[in-house]
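Enquirer: Using only what follows, build the 3D model:
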Amino acid sequence: MQAMTTQPFAIEVHDLRMNYGSYVVMSDINFRVQRGQILVIMGGSGCGKSTLLKYMIGLKEVEQGEILYNGKSFVKAGQEEREKVQRSFGVLYQGGALWSTRTLAENVALPLEEYTELSPREVREVASLKLSLVGLKGFEDFYPSEISGGMRKRAGLARAMSLDPAILFFDEPSAGLDPISSRRLDDLILRLRESLGSTVVVVTHELPSIFAIADTSIFLDAQTKKMLVQGDPKELVKDTETDPKVRNFLLRGELSDNQNGPVKRRTGARTK
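Expert: Predicted coordinates for the structure are as follows:
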């Protein structure tokens, strides 16, 4: 009989230190993410959530520690191999980062024009398909200034998906959105994960999003400059042995809403 083989984790981070020169933001960061999971990076303001994302996608160089994708070092990879790995990423930045002088279809087409040999007609077809996946069919020739903030986020997501990424990274995707638009974006992330099979990494401090989408999460603590825990936030909040800082963070809506009662979480939002 052939020996059973186990697939490597989609993402592994070992003993990572984040720093700006001599100033250490966070140290001893260790976590793993299985393929197809949604990881939420959470913590208070200034704890280094977005900085961690920059290390993971290669915008900041790792001075100490290791990041692996599918069992292979991203830190030690040569430039050509690293660029190949980066082309398997889709990134949605906090502001959407759309070019204001380009239509939505032209924005989505940018990675296709740079990294593929598709013809202009094929690029247009793929861009239209990606926009339709995020509910923007018929908006191909609109400019970012002509649509709402929630639609701009979805257009940014369409561009992030243009190269069929294995891993999607989101930096505060719900920032600036009203609760309804935020809920729709969370549901869209879940649907796309199910249909594409992508691994997803989300930076957020928004409780509804954390409970709605996370399969697993990590908590960064600015005071100790350490990662305190990894786990499903729905389980962490129920476990009385979870670090008090983590439980207080996850329960802060209930603890602060003395007049209107506890805030209900959207724990049943996951869509198959």
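
Enquirer: what's the helix or strand harbouring L190 in contact with?
Expert: Secondary structure assignment for L190, by DSSP states H and E: helix 179-196. The contact list for helix 179-196 (CB atoms under 8 Å, 6 or more residues apart in numbering) reads 36, 38, 133-135, 148-150, 153-154, 157, 161, 164, 168, 170, 173-174, 177, 198, 200, 202, 206, 208-209, 212-213, 266, 269-272. Bear in mind the C-beta positions are built from the backbone N, C-alpha and C, glycine included.

Enquirer: Is it possible to mark the buried ones in the residues you listed?
Expert: 38, 133-134, 150, 153-154, 157, 161, 168, 170, 173-174, 177, 198, 200, 202, 206, 208-209, 212-213, 266, 270 (16 or more other CB atoms under 10 Å).

Enquirer: quick one: contacts for the residue lying closest to K245 once chain neighbours are set aside?
Expert: Closest residue to K245 apart from its sequence neighbours, by CB to CB, 6 or more residues apart in numbering: D221 at 5.9 Å. Applying CB under 8 Å, 6+ apart to D221 gives the contacts G43, G44, C47, M227, L228, K245.

Enquirer: And D221, how close does it get to G46?
Expert: For D221, the distance to G46 (CB to CB, to the nearest Å) stands at 11 Å.

Enquirer: Tell me which of the contacts of D221 fall in strands.
Expert: Members of these lying in strands (criterion: DSSP state E): G43, M227, L228.

Enquirer: Using PyMOL, define a selection of the buried residues within the residues you listed.
Expert: Here is the PyMOL selection string for the buried members of the ones in strands among the contacts of D221, based on 16+ other CB under 10 Å:
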select buried, resi 43+227+228
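
Enquirer: Tell me the first helix or strand C-terminal of the helix or strand hosting K84.
Expert: Taking DSSP H and E as the criterion, K84 maps to helix 79-86. Following helix 79-86 in sequence order, the next helix or strand is strand 89-92 (DSSP H and E).

Enquirer: what's the following helix or strand after that next one?
Expert: Scanning forward in sequence from strand 89-92 by DSSP H and E, the next helix or strand is helix 104-115.

Enquirer: Now do the buried residues in the next helix or strand after that following helix.
Expert: Next along the chain after helix 104-115, taking DSSP H and E as the criterion, comes helix 120-133. Residues of helix 120-133 classed as buried: V123, R124, V126, A127, S128, K130, L131, L133 (neighbour count, 16+ other CB under 10 Å).

Enquirer: what residues does helix 120-133 touch?
Expert: With contact meaning CB under 8 Å, 6+ apart, helix 120-133 is reached by 104-106, 108-109, 112-113, 116, 118, 137, 139-140, 155, 158-159, 161-162, 192, 195.

Enquirer: separation between V24 and K226?
Expert: 11 Å.

Enquirer: nope, L104 is what I meant
Expert: 42 Å.

Enquirer: and those two? which has more neighbours close in?
Expert: L104 (29 against 15; other CB atoms under 10 Å).

Enquirer: wait, what's in contact with the more buried one?
Expert: L104 touches L98, L131, L136, F139, E140, D141, F142, Y143, P144, I147, A155, A158, counting by CB under 8 Å, 6+ apart.

Enquirer: go again using 6 Å as the cut-off
Expert: F139, E140, F142, A155 (CB atoms under 6 Å, 6 or more residues apart in numbering).

Enquirer: Could you work out the most separated pair of those?
Expert: E140 and A155 (10.0 Å; CB to CB).

Enquirer: isn't P144 right up against W99?
Expert: No. The pair P144 / W99 is not scored as a contact, 7.7 Å apart, by CB atoms under 6 Å.

Enquirer: Just want to know which of these two has more residues nearby.
Expert: Taking neighbours as other CB under 10 Å, P144 and W99 compare with P144 leading, 20 against 12.

Enquirer: which non-adjacent residue is nearest the more buried one?
Expert: Nearest residue to P144, sequence neighbours excluded (CB to CB, 6+ apart): L98, at 4.5 Å.

Enquirer: Done for today, thanks.
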